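Asker: Show me the folded form of this:
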Amino acid sequence: MPAIVTKNGKSRQKLDARAVKRRAERMLSDLELTKAELSVVLTNDDEIKILNARHRKKPKPTDVLAFPMDPTGEGPGGADGLLGDVVISVDTAARQARDHRHGLMDEVTHLLAHGILHLVGYDHRTDAEERRMNTAAARLVAVCGKPRRSRRTVATVAQRSRVTSRPR
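Answerer: Numbers count the residues shown, from 1 in each chain. This next block holds a predicted model:
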């Protein structure tokens, strides 16, 4: 089973974990990681705030965190093919979806793509890295069905990521 999706913490938002699992598996397939194992945790702002404070020294909620099993972030670690964990705050995703006038599942799909790409070695420390990551994220979102409907450009999507985007 390549993707495991769990819910941790109470969120006011309703989200179909099975749909998130299907999208994660489509993304893994597109990346040719069908044997890799991915853990996705859908949580709330309180829980992700604790993780963000512990691991990034930022005591505030964020939208997505990625924890690679391979500390180099270059791909599935070890012989067992464990990719890592993607943790998404459904509360933050819901606010961002409302702010950008698209659905919660669209936002979660984007955050899932962003997190998975971090697990396989993508980053956005430079403009070139950011363009490469945004292109890859758009492709992963597209393999999940309808493309994200938004008036924003791909560059604007990267600018609003409160988790990992570098300051502008």
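Asker: all strands of the protein, in order?
Answerer: Remark: strands assigned in the chain by DSSP state E are 3-7, 37-43, 64-68, 82-89.
Asker: helices or strands up against the third one?
Answerer: For strand 64-68, the packing partners by 3 or more CB pairs under 8 Å, 6 or more residues apart in numbering; DSSP states H and E come out as helix 45-56, strand 82-89, helix 104-119. Where C-beta positions appear, they are placed from N, C-alpha and C, glycine not excepted.
Asker: Go again with 10 Å.
Answerer: Secondary-structure packing of strand 64-68 (3 or more CB pairs under 10 Å, 6 or more residues apart in numbering; DSSP states H and E): strand 37-43, helix 45-56, strand 82-89, helix 104-119.
Asker: next one: the longest one
Answerer: The contact analysis (3+ CB pairs under 10 Å, 6+ apart) places strand 82-89 against strand 3-7, helix 17-30, strand 37-43, helix 45-56, strand 64-68, helix 104-119.
Asker: Give me the angle between that strand and helix 104-119.
Answerer: 140 degrees (axes from the mean of the first three to the mean of the last three CA atoms, to 10 degrees).
Asker: pull the CA atoms of strand 82-89 into CSV?
Answerer: What follows is strand 82-89, C-alpha atoms only, in CSV (Å, rounded to 0.1, in the frame of the first residue of the first chain):
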residue,chain,number,x,y,z
LEU,A,82,9.7,4.6,2.9
LEU,A,83,9.2,8.1,1.4
GLY,A,84,8.2,10.0,4.5
ASP,A,85,5.3,11.9,6.0
VAL,A,86,3.3,14.9,4.7
VAL,A,87,1.3,16.6,7.4
ILE,A,88,-1.5,19.0,6.3
SER,A,89,-3.5,21.3,8.5
